[in-house]
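Undergrad: Build me a model from this:
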Amino acid sequence: MTGARIEHLVTSGTFSLDGGTWDVENNVWIIGDDEEVIVVDAAHDAEAIAEALRGRTLRAIVCTHAHNDHIDAAPALAARTGAPVLLHPDDLPLWKQTHPDRAPDGELAEGQVLEVAGVSLAVLHTPGHAPGAICLHVPALTALFGGDTLFAGGPGATGRSYSDFPTIVDSIRDRLLTLPRDTVVYTGHGETTTIAAEAPHLQEWIDQGF
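TA: Modelled structure (predicted):
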């Protein structure tokens with residue numbers, strides 16, 4: 001057995017909201033060791049994610065938020081592995097748009113701690129991109145799994161239903177930029193970044209209404 005590590009998979013599909021549909025590529029993050037793992041955001045392709053598990057025990061499927069491109073493969077992956085799907089309850093209205101007949105298996109809440117492969121994953125409630133958006137802080141791996149709350153270059157989008165720009169700025173300022181500066185942000189789409197790289201730009205985002 002090796003220590004806990006981070007593995008990365010990119011899946012492709014579509015994001016649909018407010019009557020529009022866009023092609024997207026999503027980051028799927030796998031956290032764990034040779035025995036057990038947690039998946040962050042089961043996007044688009046349950047079979048590809050299951051293959052990446054390579055027979056390891058899946059402890060949980062964590063949804064950073066309930067936009068369809070982050071949860072569309074979650075029920076199928078849960079059915080295949082027996083792992084519970086976890087979501088912050090404030091995102092249930094969004095979840096039901098994609099999966100009206102299948103509820104999540106458990107709730108995520110501020111301050112909750114998940115355990116896998118000897119490391120702790122702390123749940124941070126970071127609304128703004130979506131009401132129930134969360135991030136996972138993993139100090140042992142100097143990592144933050146940020147979903148669509150913080151990207152390389154700025155906050156996640158807030159121009160559609162259930163989103164709010166002042167709220168996401170508050171979440172980033174109060175919950176994320178207070179983390180150690182060397183924390184690597186593993187994003188829901190695109191490249192990783194660090195708290196140190198993004199922190200100096202907070203006032204610019206506010207001034208621009210990003």
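Undergrad: use CA for all of it now, contacts and neighbours both
TA: OK.
Undergrad: partner residues bridging Val39?
TA: According to DSSP bridges, the partner residues bridging Val39 are Ile30, Ile61.
Undergrad: now swap in Val85 and tell me
TA: Bridge pairing for Val85 - DSSP bridges - gives Ile61.
Undergrad: which residues does it contact?
TA: Applying C-alpha atoms under 8 Å, 6 or more residues apart in numbering, we find Val85 in contact with Ala60, Ile61, Val62, Cys63, Ala74, Pro75, Ala78, Pro104, Asp105, Gly106.
Undergrad: Swap in 6 Å and give it another go.
TA: Val85 sits next to Ile61, Pro104, Asp105 when contact means C-alpha atoms under 6 Å, 6 or more residues apart in numbering.
Undergrad: Drop anything exposed from these.
TA: Using 16 or more other C-alpha atoms under 10 Å as the burial test, these include Ile61, Pro104 as buried.
Undergrad: and which of the contacts of Val85 is nearest Leu94?
TA: When these are compared for distance to Leu94 (C-alpha to C-alpha), Pro104 wins out at 11.8 Å.
Undergrad: Chain neighbours aside, what residue packs nearest to that closest one?
TA: Nearest non-adjacent residue to Pro104, counting by C-alpha to C-alpha, 6 or more residues apart in numbering: Val85, 5.2 Å away.
Undergrad: what's the pLDDT at the one you found?
TA: According to the prediction, Val85 has pLDDT 99.
Undergrad: For it, give its distance to Asp164.
TA: Separation of Val85 from Asp164 (C-alpha to C-alpha, to the nearest Å): 25 Å.
Undergrad: which residue ranges form the helices in this structure?
TA: Ranges of helices within the chain are 46-53, 68-71, 74-81, 92-98, 165-171, 195-198, 202-208, based on DSSP state H.
Undergrad: what's the most buried one of those?
TA: Of all these, helix 68-71 has the most neighbours on average by mean count of other C-alpha atoms under 10 Å, namely a mean of 25.
Undergrad: Can I get the worst-scoring helix or strand of the chain on mean pLDDT in CSV? Just the C-alpha atoms.
TA: Least confident helix or strand, the chain: helix 202-208 with a mean of 85, by mean pLDDT, DSSP states H and E. Extracted in CSV, the C-alpha atoms of helix 202-208 (Å, rounded to 0.1, in the frame of the first residue of the first chain):
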residue,chain,number,x,y,z
LEU,A,202,-9.5,39.5,-5.2
GLN,A,203,-10.0,43.3,-5.4
GLU,A,204,-9.7,43.2,-9.2
TRP,A,205,-12.5,40.6,-9.4
ILE,A,206,-14.7,42.8,-7.1
ASP,A,207,-14.0,45.9,-9.2
GLN,A,208,-14.7,44.1,-12.5
